[in-house]
Structures are given as structure tokens and as C-alpha cells.
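Engineer: Need a 3D model of the following:
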Amino acid sequence: MSLMGFKSGTDIRGYGAVEYSEEKLFLSDEVVSKITVAFAQWLSERTDKDFSSITVSVGRDSRVSGPRIIKAVSDTLSALGVTVKNCGLASTPAMFMSTLDLECDGAVQITASHHPWERNGLKFFTPDGGLEGSDIATLLEKAESVAMDTLVADASKVTDVDYMSDYAAHLRDMIRKGVNAENYEKPLEGFKIIVDAGNGVGGFYAENVLKPLGADTQGSQFLEPDGMFPNHIPNPENPDAMKSICSAVINSKADFGIIFDTDVDRAGCVDRDGEEINRNRLVALASYIALEGHDSGVIVTDSVTSDGLKTYIESIGGEHYRFKRGYKNVINKQIELNNNGRFCPLAIETSGHAAFKENYYLDDGAYLMTKIVILIARDKTGNALQDILAPLQQPAEEKELRFAIKCDDFKQYGENVIAELEKYYNGREGWKLADDNREGMRISADSANGNGWLLLRLSVHDPIMPLNIESNEEGGVMKIAKDFYEFIKNFDLLDVSPIENFIK
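Structural biologist: Predicted coordinates for the structure are as follows:
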């Protein structure tokens, strides 16, 4: 049986709910057990330890299949003789931190991030960070050759650990030290901060971080874990989810609102006026925080950030380094730059994955929100967020279209399309190729041609070519799209119906 279909970048993903057991990519107990054995073998080879000397922490998000899958992982590890520290409901960033604080050789988090309730997956960590895509491929290759003999779980090897309490205490200490308020125990007294956990695992932030520090958290919503996600998709990029937290901030007259994804490695937020701080605005705010106290620094983002963001980062002393989509891509570039002597305090994707150098290069939504809470609590005017973000120029319009590639060798075909796009616009009056194209092709349009930019790239994993267009004026996106259509309509193996429907 080939297991490579479960590979999703640096994660393993499939169906978790038993109602979907007939699906090809169902994470059955047997599949999970094979992958777990492979991870134990990989750790053993990496650490030069036998199974009985290895310790692994395990945790899960709130989705309905989590208890079944975490039991399969825990039972398999204990049957092999591995010591297991069961953290139960936990955030993904906390599971990485558990490798350091609990002195574990590895960690397994059962999560499928923001995906629907019926999905689930596995993420793996060592004290050096999350596994790379090549490591996941190795695990799945090993798993395919695992012979499933009868494994008998050893309960004596498993210990339940309330690590999330330790993790919350760490965040509380950050706030106490960062705010440096007269009331050290209750530095958030007088502030109303609400949380929308989307029924994922982020409810701890309201109950165990903000409230003990004196914050008024009344108006927080969907804090109870519920793996069916009955209220909205737990995803800061989802318009309905953001609308929900924006309304909650207004209705409760909160100073600040926070929304997490299911496993808390991403977050978005809302200011006191109910205005969302997401995507470019979140990148700008995080950049301001990361560069505070430094003369300069490189901020790595993904490729779809706005022109106004680049200007903003440069205005606060930073250098904007646009890179590829994918949170692992931006984090790995951040690590590379720092290793080469270029100070890079932050890597952040527009989806909300944000990794600070000071925090082990870990993408952690709760850590980012903690840094913002400190900023708010230090300010006495109540205008900190508005003042910081006021200079950021936002586009007047934006649009994303996605073109399916209708051939097997989609990567080569997509690369050929991008190469032809470069030729099409290179040297044309009113159009300019970006000087920092590191993913796909980004092209700027002058005021006569739409006053904005377009970016065509190849999806990281799928046979899709996303097109992003932004303009600084109303009607500009349509003008750019119509010009681009004259190019893209000539490729028979691309489904260009999305742009045809848009420009009608």
C-alpha cells in the first residue's frame, strides 16, 4: 500500500472521521500505527538511541477523530518501549515547546489545522524544530515497509502531563515582564480583551493567560473545544470567521479581539473599532514589533504581499524580502539569512503564520498575540494600533483567481507559462517586471494600465496557477485582468474560465 498520498508539504493529512473510512486517504489505526513506528525508527536513527531510551510527547487539537488517533499513536509508541508524555488537548506550538521543556526527543501533534472537521493529520517535531518535507517523505517510505505484528500497549510507559498549564504560565510571564506595570500580578487590569477560539484549542488563551492577568474577557466566544466546529471555520483567513470576531469586539466594547485557528499556530486580531488586523496589516504590525529596538532588520514574507507593505517596512527601518508561499519556506529563508549574518527577526506569511527569531523560529499565533497584547498594555493613549498602522497604504481593490492545469506534468507546464509571461510583459510600456521575483512572476502596472500589480505563480502542491491582482484605484483590477487575459487565453491546457467569468 502506498502511503505517499498522505504527504502534504511538511505534514501528514487525510480523513480522520470514521464516517469517511472508505476514503482512500483514511487515517485508519493501522495507517497511523505504521507511520508512528516509522517516526520512532527515524528518531532512533537520528538520536542513536534504542526505543527504550526515547521519550516522545503527544498532543491533539479538538477535532472529533483526535482521541482515536492520539490513542493509536500512544499505544504504538508504548508497545515499542518508547516513553510517552500525553499532553492531551494542546496547541501545535506548545507541542514543539514540550520537546524543550519536557526534554523529549520528539513530539507528535494530531491536527489538520483549519481544515474541515472530518480531516485530520500528524505533525512531527524534534528539539530542532518541525520536520521538513523530505523527512515526511522518508517517514512514509519507512511506514510502507513496516510489518504490522501484534503490538501490545504498555500503560506503564505513558504519563499524562498538563503541559498547556506550563505553556500558559510562560505567556503570562512574558506579559508581566513586557508590560512592566505597577500591578505586576494584574498588568492587564482595566483592559477588555476577547478571544474567538472557533471551538479549537485556543480557549486557554482567554481562560489561562488573559483572565489571570486581570483582563476582562467577557464577550469571548467559542472557547469550548468542539471538533465539529459548529459556529464557524476556525481560520483567521475565513471572511465569516473574521466578521464574527469583528462583531464581537463592537458588541462587547472590547479594546482588542483575537481569533485563532484550530491548533493556534496562526492568529488574526481586531482593533477596538472592529477593524480587522489581518494579512498585510498583521504583517505590518508584527514587523513593527520585530524591528522595535533595532536599527534595521530583514522581514521575510510570502510573495503575495502588497506594494504598500514594502514601503511601510522600509519606512520603519526594515528590509522587505519577498519569498515563496508556504510557512516553512519563509521560516527556512529566515534561518538561512540569520545563519549568513543578516539579522532577520521575523518571517511571516499573509495567512498568519509568524515566526520570531527570538522564539526558536516557531510559528506561534499565541506568541504573536502576546507581543501585541504587551504593546497595547504599555500604551496609555489607547491609540497604539491605529497610530502604528496609519502609514500603511492599503490597496483599493484585490482579486485572486485560480487556473487549473489540465495535464500530468503540471509543474513543467506551469513553469513554461511563467517563462512566457515574462517575455510577454518584458519591455512593454507601462509595465515593469519586479526586481524581487522569487516565486512566479510579479509585474507592476502604471497609472494608465491599472495602477497596481499582478502575480502569477505555481501552487506549492497542486496543479493550480493562482493569479493575484491588486490596484490602488477603483476599476484598476479589472483593467489589469483584461490585459492579462489577452496573454493567458492562449494556453489550451489551462482552465481560464475564472478570468473569463470575472471580466464579462
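
Engineer: use CA for all of it now, contacts and neighbours both
Structural biologist: Noted.

Engineer: What's the local residue count around Glu420?
Structural biologist: 14 (other C-alpha atoms under 10 Å).

Engineer: for it, what are its contacts?
Structural biologist: Glu420 makes no contacts at all, as judged by C-alpha atoms under 8 Å, 6 or more residues apart in numbering.

Engineer: The same query, at a cut-off of 10 Å, please.
Structural biologist: Contacts for Glu420 (C-alpha atoms under 10 Å, 6 or more residues apart in numbering) come out as 414, 426, 487-488.

Engineer: Are any of the residues you listed buried, and if so which?
Structural biologist: 414, 488 (16 or more other C-alpha atoms under 10 Å).

Engineer: so how far is the stretch of helix or strand Ser98 belongs to from its chain's centroid?
Structural biologist: Assigned by DSSP states H and E, Ser98 belongs to helix 92-101. Its chain's C-alpha centre and that of helix 92-101 lie 16 Å apart, by C-alpha atoms, centre = their mean, to the nearest Å.

Engineer: Which positions within it qualify as buried?
Structural biologist: 92-99.

Engineer: Whichever helix or strand comes after it: partners in the sheet, and parallel or antiparallel?
Structural biologist: Once the chain leaves helix 92-101, the next helix or strand it forms, by DSSP H and E, is strand 106-110. If you go by DSSP bridges, strand 106-110 pairs up with strand 55-60 (parallel), strand 119-126 (antiparallel).

Engineer: got the angle for strand 106-110 vs helix 92-101?
Structural biologist: 160 degrees (axes from the mean of the first three to the mean of the last three C-alpha atoms, to 10 degrees).

Engineer: and the two most separated of the contacts of Glu420?
Structural biologist: Gly414 and Asn426 (18.3 Å; C-alpha to C-alpha).

Engineer: Name all residues that make contact with Gly318.
Structural biologist: Taking C-alpha under 10 Å, 6+ apart, one finds 287-288, 290-291, 294-299, 310-312, 344 in contact with Gly318.

Engineer: now the helices for the stretch 401-504 of the chain?
Structural biologist: 410-425, 476-488, 497-503 (DSSP state H, counting those that start in this stretch).

Engineer: From Lys357, how far out is Asn339?
Structural biologist: Computed as C-alpha to C-alpha, to the nearest Å, the Asn339 to Lys357 distance reads 11 Å.

Engineer: And these two? Which one has more around it.
Structural biologist: Neighbours per residue, other C-alpha under 10 Å: of Asn339 and Lys357, the larger number sits with Lys357, 18 against 11.

Engineer: so Asp135 sits in a helix?
Structural biologist: Yes - if the criterion is DSSP: H, G, I helix; E, B strand; the rest coil, then Asp135 is within a helix.

Engineer: Point me to the residue sitting farthest from the middle of this structure.
Structural biologist: Distance from the centre of the chain peaks at Glu429, with 38.4 Å (C-alpha atoms, centre = their mean).

Engineer: With Ala448 as the reference, measure out to that one.
Structural biologist: 10 Å.

Engineer: Closest to the centroid, which residue in this structure?
Structural biologist: Most central in the chain (C-alpha atoms, centre = their mean) works out to His353, at 3.5 Å.

Engineer: Surely that one and Glu237 touch.
Structural biologist: No - the criterion here is C-alpha atoms under 10 Å, and His353 misses it with Glu237 at 11.2 Å.

Engineer: among the helices of the stretch 401-504 of the chain, which is the most enclosed?
Structural biologist: Stretch with highest mean neighbour count among the helices of the stretch 401-504 of the chain: helix 476-488 (a mean of 18; mean count of other C-alpha atoms under 10 Å).

Engineer: Contact partners for the closest residue to Asp295 other than its chain neighbours?
Structural biologist: Closest residue to Asp295 apart from its sequence neighbours, by C-alpha to C-alpha, 6 or more residues apart in numbering: Gly317 at 6.5 Å. Gly317 makes contacts with 288, 291-292, 294-298, as judged by C-alpha under 10 Å, 6+ apart.

Engineer: which phi and psi does Gly317 have?
Structural biologist: phi 90, psi 10 (degrees, to the nearest 10).

Engineer: just Tyr20 next, same as before
Structural biologist: Torsion angles, degrees, to the nearest 10, at Tyr20: phi -110, psi 30.

Engineer: now do Ala215
Structural biologist: phi -70, psi 140.

Engineer: All further residue positions should be reported with the first residue as 40.
Structural biologist: Renumbered: residue one is now 40, and that last one reads Ala254.

Engineer: wouldn't it be in contact with Glu224 here?
Structural biologist: No - with contact defined as C-alpha under 10 Å, Ala254 does not reach Glu224; the gap is 11.3 Å.

Engineer: Looking at the two now, which is surrounded by more residues?
Structural biologist: Ala254 (20 against 14).

Engineer: what about Lys437, distance to Ala146?
Structural biologist: Slight slip there: residue 437 is Glu, not Lys. 40 Å.

Engineer: Neighbour count for these two, which is higher?
Structural biologist: A side-by-side neighbour count of Glu437 and Ala146, using other C-alpha under 10 Å, places Ala146 first with 28 against 19.

Engineer: follow-up on the earlier one: would you mind giving the strands paired with strand 145-149 as CSV with distance to Ile387 and mean pLDDT added?
Structural biologist: Listed next are those as CSV, based on distance: least, C-alpha to C-alpha, whole Å; pLDDT from 0 to 100:
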stretch, distance to Ile387, mean pLDDT
strand 94-99, 24, 98
strand 158-165, 20, 98
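
Engineer: Tell me which of those strands lies nearest to Ile482.
Structural biologist: Among the strands paired with strand 145-149, strand 158-165 sits nearest to Ile482 (C-alpha to C-alpha), with 36.2 Å.

Engineer: tell me what the helix or strand just after that closest one is packed against?
Structural biologist: Counting by DSSP H and E, the next helix or strand C-terminal to strand 158-165 is strand 168-169. Packing partners of strand 168-169 (3 or more C-alpha pairs under 10 Å, 6 or more residues apart in numbering; DSSP states H and E): helix 131-140, strand 145-149.

Engineer: partners of strand 168-169, with directions?
Structural biologist: strand 158-165 (antiparallel).

Engineer: for the stretch 190-339 of the chain, what are the low-confidence residue spans?
Structural biologist: The model of the stretch 190-339 of the chain has no residue with pLDDT under 70.

Engineer: Could you tell me how far the residue nearest to Ala118 when sequence neighbours are not counted is located from Leu178?
Structural biologist: Spatial nearest neighbour of Ala118, chain neighbours left out: Ala192 (4.3 Å); criterion: C-alpha to C-alpha, 6+ apart. Remark: distance between Ala192 and Leu178 (C-alpha to C-alpha) = 22 Å.
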